[in-house]
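**Student:** Dropping a prediction and its sequence here:
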Amino acid sequence: MKRFFIFLAVVSLVGCANSPPSSVEETYQKTQVKFDEYSKTQVIEGPHVTISFGLDGGGGIRLRRVNGSSQLLVTTFSQLGWCFFESAFDKNAGELRFQKIRSSVGRGVTYEDFYLSITDEQLNSMSKKGLDVRIYGTNRTINVELPAIYVQGFMKRASEPRKG
């Protein structure tokens, strides 16, 4: 019976997975631009890509740009307790400044949301080689990747003049 539930968990994770777009144009089309007239805040968000670190944890990543500052937004959950993520390095672009957004717990699952700041120089490097980040925590280290075509499609949308 235990194997059956593990099988169901794997099937449900695979069934709802968002894999990276397969072309620059697909990324470009799925990248959303939002502007709040009151706060004068522009947010550009690339498509959500599911990440997994086994049956016990996962989450999602996406590139975003907030008022001209590029970031990798990361949301995680773990059934084994706190990961305490605290730093990150891109294999091709160096250290990425870590900024925690929130941490919470519910129904035996811990959630950690944060973003990694990306300089324009780092983003240009990622557009050629892809994003390949290792995120370090006290209780867990994970690797996340986005292909160069994802970064290129995101940059294409982000380079458009703001409307409105």
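**Tutor:** Looks like it arrived, so ask away.
**Student:** what sits opposite the residue positioned nearest the centre of the chain in the beta ladder?
**Tutor:** The chain has Ile61 as the residue nearest its centroid, 1.6 Å off, counting by C-alpha atoms, centre = their mean. Beta-bridge pairing for Ile61 (DSSP bridges): Val49, Val74.
**Student:** which ones are touching it?
**Tutor:** For Ile61, the contacting residues are 48-49, 51, 72-75, 144, 146, by C-beta atoms under 8 Å, 6 or more residues apart in numbering. Where C-beta positions appear, they are placed from N, C-alpha and C, glycine not excepted.
**Student:** partners of the longest strand seen in the chain in the sheet?
**Tutor:** The single longest strand within the chain, with elements called by DSSP state E, is strand 94-106. Note on strand 94-106: by DSSP bridges, its sheet partners are strand 85-90 (antiparallel), strand 109-118 (antiparallel).
**Student:** Columns mean neighbour count, distance to Lys156 and mean pLDDT on top of those strands, output as CSV?
**Tutor:** CSV is the format used below for the strands paired with strand 94-106 (neighbours: other C-beta atoms under 10 Å; distance: least, C-beta to C-beta, whole Å; pLDDT from 0 to 100):
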stretch, mean neighbour count, distance to Lys156, mean pLDDT
strand 85-90, 18, 20, 97
strand 109-118, 20, 16, 97
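**Student:** just to revisit the earlier point, relative to Tyr150, how far out is the residue nearest to the centre of the chain?
**Tutor:** Using C-beta to C-beta, to the nearest Å, Ile61 is found at 10 Å from Tyr150.
**Student:** which residues are in contact with both of these two?
**Tutor:** Contacts common to Ile61 and Tyr150, judged by C-beta under 8 Å, 6+ apart, are Val49.
**Student:** still on that earlier bit, which of the contacts of Ile61 ranks first by neighbour count?
**Tutor:** Counting neighbours by other C-beta atoms under 10 Å, the top entry in the contacts of Ile61 is Leu72, with 25 neighbours.
**Student:** Quick check: next helix or strand after the lowest-mean-pLDDT helix or strand in the chain?
**Tutor:** Within the chain, no helix or strand scores below helix 2-15, which has a mean of 39 by mean pLDDT, DSSP states H and E. Where DSSP states H and E defines the elements, the next helix or strand beyond helix 2-15 is helix 24-30.
**Student:** Fine by me, thanks again.
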